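Novice: Build me a model:
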Amino acid sequence: DLHPGLSCGGDDCDDVDGNGYPDECDPCLEGSAIDTDGDGLCDAIDPCPEFAGPCYNGEDGGRILIVTAGSSIQAIINVAEDGDTVLIEDGIYYEVIDTLGKAITVRGGDGCGGEPGAVIDGTLLGTSVITCSSGETSSTRFIGLKITNGGTYYGGGMYINGTSPLVQDCCFVGNQSYAA
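Specialist: Residues are numbered from 1 along each chain as shown. Next up, the predicted model:
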């Protein structure tokens, strides 16, 4: 039972849309119910109404947004809010990311030293793999990631300018910085 606090008024506990709410008290059966992200959960009960990927409420009050193979870490960072965790499934993600000043956690699995894990590969695109230059504090955290193939004048693997993010259990491998 997805919603143990809800009960039907009688013997008829139909759940036509299968979202775990009995039809008689389901906010998604109203004619005005909106499903912004098209994931089948109306915004009234969706923990991440603007994100169609896997998402659930974390124990600390923030949301946990899951990055799955083939999806973009940056796209999920873009919809993340302060206090959220962007949880990256094991795999190689060919992109560069910027946390945009958000107080979020970007977290991989238990990889890096023991591989496999979550690998962010900048593919030597001429920029840093991770950029933190918008006022990030220690509330912006990177945990359990392998950051590789960044290459730029400053900060091949990670560019930090006027910020202080927390980096924990991450490996930086094969990055290049050209500043003298």
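Novice: F172: what secondary structure?
Specialist: Three-state call for F172 (DSSP: H, G, I helix; E, B strand; the rest coil): strand.
Novice: how near is it to E50?
Specialist: 32 Å (C-beta to C-beta, to the nearest Å). For every residue, glycine as well, the C-beta is placed using N, CA and C.
Novice: ok, the two, which is more surrounded?
Specialist: Higher neighbour count among F172 and E50: F172, with 17 against 12, using other C-beta atoms under 10 Å.
Novice: residue contacts, the closest residue to the more buried one other than its chain neighbours?
Specialist: Nearest residue to F172, sequence neighbours excluded (C-beta to C-beta, 6 or more residues apart in numbering): G157, at 4.1 Å. Applying C-beta atoms under 8 Å, 6 or more residues apart in numbering to G157 gives the contacts G122, S128, V129, I130, I147, T148, G150, F172, N175.
Novice: which one of those is nearest C42?
Specialist: I130 (35.1 Å; C-beta to C-beta).
Novice: who's the closest one bridged to?
Specialist: Following DSSP bridges, I130 is listed with bridge partners I97, M158.
Novice: ok, it to G157 distance?
Specialist: Distance from I130 to G157, by C-beta to C-beta: 7 Å.
Novice: list residues touching both of those two?
Specialist: Contacts common to I130 and G157, judged by C-beta under 8 Å, 6+ apart, are I147, G150.
Novice: low-scoring stretches of the chain, by residue?
Specialist: Across the chain, the ranges flagged by pLDDT under 70 are 1-12, 17, 19-27, 30-32, 111-116, 180.
Novice: Assign the spatially most central residue of it to helix, strand or coil.
Specialist: Against the mean C-alpha coordinate of the chain, by C-alpha atoms, centre = their mean, the closest residue is V86 at 2.3 Å. Assigned with three-state DSSP, V86 falls in the strand class.
Novice: beta partners of it?
Specialist: L65, V106.
Novice: G108 versus that one, what's the distance?
Specialist: Distance of V86 to G108, given as C-beta to C-beta: 10 Å.
Novice: do C48 as well
Specialist: Taking C-beta to C-beta as the measure, C48 falls 20 Å from G108.
Novice: swap in I160?
Specialist: I160 is 19 Å from G108, by C-beta to C-beta.
Novice: I appreciate the help and will end here.
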